[in-house]
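Student: sequence and predicted structure below; questions after.
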Amino acid sequence: MKGKIQRPLPREGPREAAWHILIEWEKGEESLEALREKSFTRSTLTRRDKGLVTELTQGVVRHRLFLEHNLKGRLTRPDAALPEPVRQALFLGLYQLFLLDRIPSHSAVDESVRLVKNTPYAGFSGLVNALLRRAASSGPVPLPDFEKDPILHIEVSTSFPRWMVERLAAQEGIDETRGILEALNRKPPLTLRVNTLMTSRQALLEELESAGIRAVPGALCDTAILVQGGWSPLDLPPFLDGRCAVQDEGAQIIAPLCDPRPGQRILDACAAPGGKTGHLAQITGNRAFIAAVDRKISRVRLMAEGLARLRVQKVALLAAEMSREGAPFPPGSFQRILLDAPCSGTGILRRHPEGKWNKDPFSIPGLVAGQLALLSSCAALLIRGGFLLYSTCSLFREENEEVIGEFLGETRGFKRQDLRALFPDLPPGLFSSEGDLRLWPHRHHCDGFYACLMKKA
């Protein structure tokens, strides 16, 4: 008797892939990016399909509170617990209905219903169908009244945790906070930094244009290119052969503020993933000695791969703990030090929206203590007359101006430098009243960054 013919499993589409990724992400064991990479490795999805998976997973995580508000506002029993796969199917449907404009409503509804059919949750397919059809016909559930409770309104409308909204509002005011958080919810472009060791921005722009890839020069610095159209860097030959790196335009401003020069000894104290290290080497034409340090050996290995692709030379990579006394260099070893300190990362949430949900206000004091310890350690390694650049991708003054104030108050011989005077060619709107770099997503259309330059007398 002939054996049964095994039918091949149906090909997983982009919505099924996104659904499975979101279900796994809610378990809290792996990052969204890691889950996507794992899914893409074993899938046969096209480039366009992978783009939709990224759009859906990033979007649902980015707008989580808004989607929950619209889900609970339509349930007869808002506090009733739904199985996680059903909840994620509903989130995907609501996201497509309310926050994507190129997917027809009937497709968003039908595809979400199909996700739960032929699964142990098939009994919920009627609920998914009815709820999404009502949503398609009636539109979003009204937001909390801004006049009555502006914090709650911003929390729900922008899907940021209440503690972040309150902290920013106390620092910047309600209107500025709303503008900042709305900007952090906009999908960022793929931004490249031209590797001037190998090519020029104009040459790279012309190459991308000839390949049918839309790209425009950045507005803040002369190494930035913004790629339009949902491309992955892995689809770009100039990235694969090292003629460019992926780096936000705001991040591209940081390394030049060190004023690195050929022949100098330079320390990148918290270097991984290596973007700013590569930029330092690029600015100095591979003619400076750069020590790049990170705590984790795994991150140092990844950094080595990236720097090799960019043809970076004269960089010594080291896994070490820089915040401890007796860091792995003798005092006065360096003429320039870049300390891109570990922080809350609130300035880069448009690129990493899951960061909204894995941070809490209780972590800030510990981060500040670590930042001060790193500053103290780096201060001892700087020669007299050398420059120490402190930077973060945090929006909070506690991690920025207040850290610098405490460091300068406790450390003799360091003087804050006015970056406006040192870098007159940069747009004046990039700096604070103290002369520090202050990049805001809603004003400068890049990630949020802070930097302060100090000179050792």
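Tutor: It's in.
Student: can you give me the end-to-end span of stretch 66-84?
Tutor: 17 Å (Cα to Cα, to the nearest Å).
Student: and that stretch, which residues are buried?
Tutor: Within stretch 66-84, the residues scored as buried using 16 or more other Cβ atoms under 10 Å are Phe66, Leu67, Glu68, His69, Asn70, Leu71, Arg74, Leu82. Every C-beta, even on glycine, is put in place using the N, C-alpha and C of the backbone.
Student: list of residues touching that stretch?
Tutor: Under the criterion Cβ atoms under 8 Å, 6 or more residues apart in numbering, residues 23, 26, 60, 87, 90-91, 94-95, 98, 121, 124, 131, 134-135, 140-141, 143, 156-159 lie in contact with stretch 66-84.
Student: buried only: go through those for me.
Tutor: Among these, those classed as buried by 16+ other Cβ under 10 Å are 23, 60, 87, 90-91, 94-95, 98, 121, 124, 131, 135, 140-141, 156-159.
Student: in helices only, show me those.
Tutor: 23, 60, 87, 90-91, 94-95, 98, 131, 135, 156-158 (DSSP state H).
Student: tabulate the residues you listed (TSV), appending distance to Asp241.
Tutor: As requested, those are exported to TSV (distance: Cβ to Cβ, whole Å):
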residue	distance to Asp241
Ile23	37
Val60	35
Arg87	44
Leu90	44
Phe91	39
Leu94	42
Tyr95	37
Phe98	41
Leu131	49
Ala135	47
Val156	46
Ser157	43
Thr158	40
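Student: partners of the lengthiest strand in the chain, with directions?
Tutor: For the chain, the strand with the greatest residue count under DSSP state E is strand 382-392. Strand pairing for strand 382-392, using DSSP bridges, gives strand 334-340 (parallel), strand 449-456 (antiparallel).
Student: out of those, which one sits most buried?
Tutor: Ranked by mean neighbour count, the strands paired with strand 382-392 are led by strand 334-340 with a mean of 25 (mean count of other Cβ atoms under 10 Å).
Student: care to break this protein down by domain?
Tutor: Following automatic domain parsing, one gets these domains for the chain: 14-138, 150-184, 190-246, 258-456.
Student: in CSV, list those along with mean pLDDT and distance to Gln252.
Tutor: Formatted as CSV, the domains of the chain follow (pLDDT from 0 to 100; distance: least, Cβ to Cβ, whole Å):
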stretch, mean pLDDT, distance to Gln252
domain 14-138, 94, 21
domain 150-184, 98, 18
domain 190-246, 95, 5
domain 258-456, 96, 7
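Student: about what we covered before: the ones in helices among the buried ones among the contacts of stretch 66-84: which two are farthest apart?
Tutor: Using Cβ to Cβ, those span at most 26.0 Å, a distance reached by Ile23 and Ser157.
Student: can you give me the helices for the stretch 151-300 of the chain?
Tutor: With DSSP state H, counting those that start in this stretch as the criterion, the stretch 151-300 of the chain has helices at 162-172, 174-184, 201-210, 237-240, 275-283, 297-309.
Student: among those helices, which is nearest Val109?
Tutor: helix 174-184 (27.6 Å).
Student: mind giving me the packing neighbours of the closest one?
Tutor: helix 150-158, helix 162-172, helix 441-444 (3 or more Cβ pairs under 8 Å, 6 or more residues apart in numbering; DSSP states H and E).
Student: please name whichever of the ones you listed is nearest to Thr346.
Tutor: Using Cβ to Cβ, the helices and strands packed on helix 174-184 put helix 162-172 closest to Thr346, at 6.8 Å.
Student: find the nearest non-adjacent residue to Glu30, please.
Tutor: Of all residues not flanking Glu30 in the chain, Glu24 sits nearest, at 6.7 Å (Cβ to Cβ, 6 or more residues apart in numbering).
Student: look up how far Ser31 lies from that neighbour.
Tutor: 10 Å (Cβ to Cβ, to the nearest Å).
Student: do Leu143 as well
Tutor: 30 Å.
Student: same check, this time on Leu52
Tutor: Look at Leu52 and Ser31: by Cβ to Cβ, they are 20 Å apart.
Student: which one's more surrounded, those two?
Tutor: Counted by other Cβ atoms under 10 Å, Leu52 and Ser31 do not tie: Leu52 has more neighbours, with 21 against 14.
Student: alright, calling it a day.
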